[in-house]
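>>> got a sequence here, can you model it:
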Amino acid sequence: MALRNRIVMPGWHIQNTEVLQGPISGWSLPNADVSNWSRIGSKGTVMGGLIESGRYNEQTLFRSDTLSTIEKSHFQSPWLFREEFSIPELDAGHHVFLNLHGVSSKADVFINGHLVVSCEDQKGAYAGRTQEVTAFIRPEVNCLLIQAWPTDYLKDMAISFADWNPAPPDNGMGVWRHVVIKVTGPVSVSPLRVTYAQDEANPHSRVTVTVKTEIENHENAPQDVAIHCQIAVPGNSQNVALSRRMYLLPHSRSTVALETTLEDDQVQIWWPAAWGQQPLYRVDLNVSLPPSFISDSAWAGFGIRKVEYTLNNHGDGQFFINGRHFQVRGAGYAPDIFLRFDPERVEAILRYAVHIGLNTIRLEGKLENSILYGLADRLGLLVMAGWECCDKWEGWTYNEDVDGVEVWKDEDYRIGEASMLHEAEMMQTHSCMLAFLVGSDYWPDERATAAYLGALNRMDWSNPVIASASKRGHPPQLSSSGMKMEGPYDWVPPGYWWGERLGAAFGFASELSAGSGTPELSSLRRFLSDVDLASLWGKPQAGHYHQAPSGSVFHSREIYNKALKRRYGSPTSLEDYVFKCQVMDYEATRAQFEAFAARQNAARPAAGVVYWMLNSAWPSLHWQLFDYYLYPMGAYYGAKIGARPEHVAFDYHSSSVYLINHSLSAGVRRITAECIDLRGRRLYHREETVEATEITSKQVFSIPEVTTLATVALMRLVLSASDVEISRNVYWLNGRMDRLNWDKSTWYYTPTTRYADFTSLSQLEQAKMNTSIDMLAHPDPSMKQLRVRLQNMSSIPAFFVRLTVHDPMTGEQLTLYYTNDSSAYSPVCPTLQIGHHQQKTINNATMAQTATLVSEILQSSPLDLVPYENLYKHFHANPELSLQEQRTSQRIVDHLASLNAYDIHTGIGGFGLAGVLRNGPGKTVLLRADMDALPVKEETGLPYSSTATATDPDGVSRPVMHACGHDMHITALLAAAEQLVRVRDKWNGTLVVLFQPNEERGAGAQAMVDDGLYDKIPVPDIVLGQHVMRLRAGTINCRTGTIMAAADSMKITVFGRGGHGSLPHTTVDPVLLAAHIVVRLQGVISRELDPDDVGVLTVGSLQAGQTENVISDKAEIGIDFRSVSLETREKIVGAVKRIVKAECMASGSPKDPIFTPTRRFPPTVNEIALASKLAGSFSAHFGADFDPDTPRTMVAEDFSILATACGRPSCFWFLGGIDRDIWDALVKDGKEGEIPGNHSARFAPVIQPTLKVGAEALAVGALTFLCRED
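The predicted model follows:
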């Protein structure tokens, strides 16, 4: 038996306290009227929530300086975040806990009218909290209210953006991470920690793993507990089991450590992406009480690797991973300006980083959440996390760089410790963690350092802890950071990086760049007005709102523009300016990454570089490698060239050529250097053969001739092995290159006293180009691979050729990943072949054309469906009512077990179960089917008709039938489960097949979640499901957005004053009162809803009294209402409550009415990007039998709870089940209404092709996200 134990708050109603009356605690009582509040998702700052709810429009806010016009006074008073929730009736020994993971930056927390946490205690954006709230919980409906207080970056430990971008108007105030209600038995467990020790003699074949947790007894009595733990070894079907018994004294807490030794094939080492695979283990732990009651459980994933950090003889920091020197090639990550976390977007950003060739991202504060760390684990991308600069986090007496910052007080040390404890707990098991920097620009004082280190030690932190990102100082407990923070942050010429001072390529540079990152014109037009665009190129000294905040040295592009004008010539138009920006940004980022790469093993090694920055928090004009809209640009491709694993580069300082090797490969390489002038005439040619050594760079030869060039020339460097080209690199050079005035350097740039003259590039004649394109298959069905062959048909070079791809329907520029060549920008001389991939989730039209591989995979291993047809008949003939699905569940278990591939978890939320197939690293996809039947007497006349009966909850014997098609859902999912086992060599990731009980009553999904579903199985990245409907057999029908309505039922009790029927004047008649309410309710839909707000309200029952001559003292009204959006639902709820209360008051009712929710189905909303991606796969596989725009229905489902409970996207579609001939004939005659539908005694889907299509749809859905990328 297991306990229902976790609720993630699915959403919030938010409101400014300025507009509210009465005590705040009153708003934490259930049934308050919040119909005029804004409805948002499961987490969000106030501004993020107001955008989500439609109060503000992001596109408008980001346009020009519109954001600065938002009235900040709206955010100078607290805001309320309110949500109602229900918990099953608690038995003795049950305990309820509130888990806060991130509220910025202080908050009061109320439950059911009681203050449970004060803002004096809940301070700090990262100071998570677990608070027992058992005493405040009611049966049925509860209400959680969080009052978030305004944030001041100089006084509060919050999340600021320094000079990266304008501060959001709300300063990030709000519930920015999930809030969880957790129910346990008498004993609870903390999140797991994992440590491991590698055998010194055999570090890769013998590892001792220790799983740790705190268990706590919350009762007055001692507890005899059993702790069970399983470690799932990647790619190994045999789990490692650990167990222990403990005796816990009353109200005691104890640390549990379970240890085992992994040997030989059980040991798999996690590597950075460039060096190997990323195998991830999973550990599941539960604590149970006699006889078999699971009191609480937890799980975690981890990888085995070792990170070390040392200072070399120069005092520079150097990382080592698994014993190998690890040169950090990283960039600074920026979250969304409103702290909105979109997993798909974040994954795209991290994949960009890996694709560029980066191996690390730096989080300067803005620590996001565990989803980011999980993505980085799977991608092999290291994360260097830490606290931020320029605000209260660095409120030290010796920090004189920030005006007005409040120096730390006693309570701040407590907040700092709590913050470190919470974040370390979240990060501890993640193999991506490289280090934690407890300071950024400045180091923490001795007391804060002690608090930080104490918290890290409590969490068994095994990674390096670094004092700060600079060498300005360090606390006594830590050594020098070994990292330099000497700039630059604004434009410097390419030769800067090859120098020997300040930010040049030596040591460990924690944040620096030439400030590059100008978006392409298509993006600029999205956020700049015509006036802004004219100023961008026509007023070189002007300030720009999207460059940096006013008052910042980065507010204007003056330094950058001066260099552009002197080096490439005055821009003649906006288009010319943007083109020259791309050239200059490409040149700048390439030089930075090349210089650090070339010197990775120099006498004073370039140990690491963190480019400032990877991405931007909003549409920006600098400090980014790709823009806010995820479009690459010159800076991106320059970085991608400079970070290549094997590469050949030119040193501007010494005119030398370097062979760069970041990889583990070695062998003979050939380097070809060729120089031509702008007429295409050869000036220089040289070839050298050299031996490449793994993770080593070396100077190969010099080309002093470039220093005597009289004009601009192009130099091409080509690296090849066995006549296969590995890398190509083209430079534009001049005999008089840029000259720097190092002595006049500031913290943000070094002045240039002489600029290289490349203006003649603007006079280049236009070369004639020949282009050919081949369409190729790609393993990822969401991507399309093109091979583009460019041939220069002229004798002159074609300079900086730019490739773009546009959607033929919309004209929108699409984003690309380039593979075997440098970039979209390249000098072409004479022939160049480029491969590129279109980036994931770009647009519906293109994705629909790309999903062919999935069909090929399914066709490669066809499934015999005859056994499944028989299985369907079995399920149809043997239905079971809700909460009675025991035999159905067991038959499913038996079938899954026969596949010998799934870990099976049973007894979840009743008879629910899930099978888990782990198939290496990758996404986790959950496929869902429901199991229960209806109390309907079957009238189909089928030979396998149901004759079953069952006793319902009221003790009445009822006929039972699968009148809603759940038997088809079960069978199709089982068939898909086998199909995906058969083709497991063609996909990677984790598949979860989930069979849900009790859908017909709308409680099964929530019961599974409450029963600790996501403690038992991996949390999915994507949740998919389907329902057979009264539609033509063989069709799949879907849509983006809402596909099924929300459905609510409510019992309203109104009170009168009873009496004899002959004396009505002495009574308050509840029947008359109820009758008025029923009449008034008829106007809610027709008179109070906008015609575009789809809704239905039905009064289904009215009960009062027992006999004719007695006036009752109460009446009960049963209503059901449906709505497509949560906003419409709230309007209906508000109207119902207002009308009922008003009628009660008008009738003189002696008591307030009671509103009792009896059933609630949430709306089923298909996440747009997810549904669009699936549409491509379905369209490719099913052709004309796929309808991407099926009408939404007012029928309801509880499917979406499985996704909203863990904050993941979902998609649901309809499966046609009506015999094609019958459908076509009746539709032709206009008699479609005669076709039996769901819940009819005559509803029975035709077995084929319904079963085949249903199984394929589920398999296609899973493979869309699990296909191997190789």
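>>> and the helices in the stretch 951-1100 of the chain, which stretches?
Secondary structure of the stretch 951-1100 of the chain (DSSP state H, counting those that start in this stretch): helices at 966-982, 1004-1010, 1013-1016, 1070-1081, 1083.
>>> tell me what the closest residue to residue 1154 other than its chain neighbours is bridged to.
Beyond its immediate neighbours in the sequence, the residue positioned closest to residue 1154 (CB to CB, 6 or more residues apart in numbering) is residue 1053, lying 4.3 Å away. Where C-beta positions appear, they are placed from N, C-alpha and C, glycine not excepted. Using DSSP bridges, the beta-bridge partners of residue 1053 come out as residue 1116, residue 1154.
>>> what's the neighbour count on residue 274?
By other CB atoms under 10 Å, the residues close to residue 274 number 18.
>>> hang on, it packs against residue 645?
Yes: in this structure, residue 274 sits in contact with residue 645. The criterion is CB atoms under 8 Å, and the distance is 6.0 Å.
>>> mutual contacts of these two, please.
With contacts taken as CB atoms under 8 Å, 6 or more residues apart in numbering, residue 274 and residue 645 have 357, 662-663 as neighbours in common.
>>> any stretches of the protein with poor pLDDT?
Segments of the chain classed as low confidence (criterion: pLDDT under 70) are 1-5, 777-784, 807-812, 814-853, 1268-1270.
>>> show me it divided up by domain.
As recorded under automatic domain parsing, the domains making up the chain are 6-184, 190-302, 307-733, 767-850, 857-1045+1164-1266, 1046-1161.
>>> which of those sits closest to residue 752?
Go through these one by one with CB to CB and the one that ends up closest to residue 752 is domain 307-733, at 5.8 Å.
>>> next, the distance between the ends of the closest one.
Length of domain 307-733, first residue to last, CA to CA, to the nearest Å: 41 Å.
>>> please renumber the chain so that the first residue is 623 from this point on.
Okay, residue one is now 623; in that scheme the one you just asked about reads as domain 929-1355.
>>> quick one: residue 1045 is in a helix?
Yes: secondary structure assignment places residue 1045 in a helix (DSSP: H, G, I helix; E, B strand; the rest coil).
>>> whichever helix or strand residue 763 is part of pairs with which strands, parallel or anti?
In this structure, residue 763 sits in strand 762-770 according to DSSP states H and E. For strand 762-770, sheet partners with direction are given as strand 701-709 (antiparallel), strand 729-733 (antiparallel), following DSSP bridges.
>>> ok, and for that strand, which residues are buried?
Of the residues in strand 762-770, those with enough neighbours to count as buried (16 or more other CB atoms under 10 Å) are 763-770.
>>> likewise for stretch 1362-1378?
Residues of stretch 1362-1378 classed as buried: 1362, 1367, 1370-1372, 1374, 1377-1378 (neighbour count, 16+ other CB under 10 Å).
>>> send the alpha carbons of it over as PDB?
Presented in PDB, the C-alpha positions along stretch 1362-1378 are these (Å, rounded to 0.1, in the frame of the first residue of the first chain):
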ATOM      1  CA  LEU A1362      46.200  48.800 -29.000                       C
ATOM      2  CA  ASN A1363      47.000  51.300 -26.300                       C
ATOM      3  CA  TRP A1364      47.200  48.800 -23.400                       C
ATOM      4  CA  ASP A1365      48.300  51.500 -20.900                       C
ATOM      5  CA  LYS A1366      44.900  53.300 -21.400                       C
ATOM      6  CA  SER A1367      42.900  50.200 -20.700                       C
ATOM      7  CA  THR A1368      39.800  50.500 -18.500                       C
ATOM      8  CA  TRP A1369      37.800  47.700 -16.800                       C
ATOM      9  CA  TYR A1370      35.600  47.300 -19.900                       C
ATOM     10  CA  TYR A1371      37.900  47.800 -22.900                       C
ATOM     11  CA  THR A1372      41.300  48.700 -24.300                       C
ATOM     12  CA  PRO A1373      41.500  51.600 -26.700                       C
ATOM     13  CA  THR A1374      42.500  51.100 -30.300                       C
ATOM     14  CA  THR A1375      45.000  53.700 -31.700                       C
ATOM     15  CA  ARG A1376      45.200  52.300 -35.200                       C
ATOM     16  CA  TYR A1377      42.500  50.400 -37.100                       C
ATOM     17  CA  ALA A1378      43.000  47.800 -39.800                       C
END
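>>> go ahead and flag the most central residue of this structure.
The central residue of the chain, meaning the one whose C-alpha is nearest the mean C-alpha position (CA atoms, centre = their mean), is residue 965 at 1.5 Å.
>>> which residues touch it?
Shown here is residue 965, whose contacts under the criterion CB under 8 Å, 6+ apart are 993, 997, 1643, 1830-1831.
>>> and of the residues you listed, the nearest to residue 1327?
Within the set of the contacts of residue 965, residue 997 lies nearest residue 1327; the separation is 47.7 Å, counting by CB to CB.
>>> now do the contacts for the closest one.
With contact taken as CB under 8 Å, 6+ apart, residue 997 is in contact with 965, 968-969, 972, 1003.
>>> now do 6 Å
For residue 997, the contacting residues are 969, 972, taking CB atoms under 6 Å, 6 or more residues apart in numbering as the criterion.
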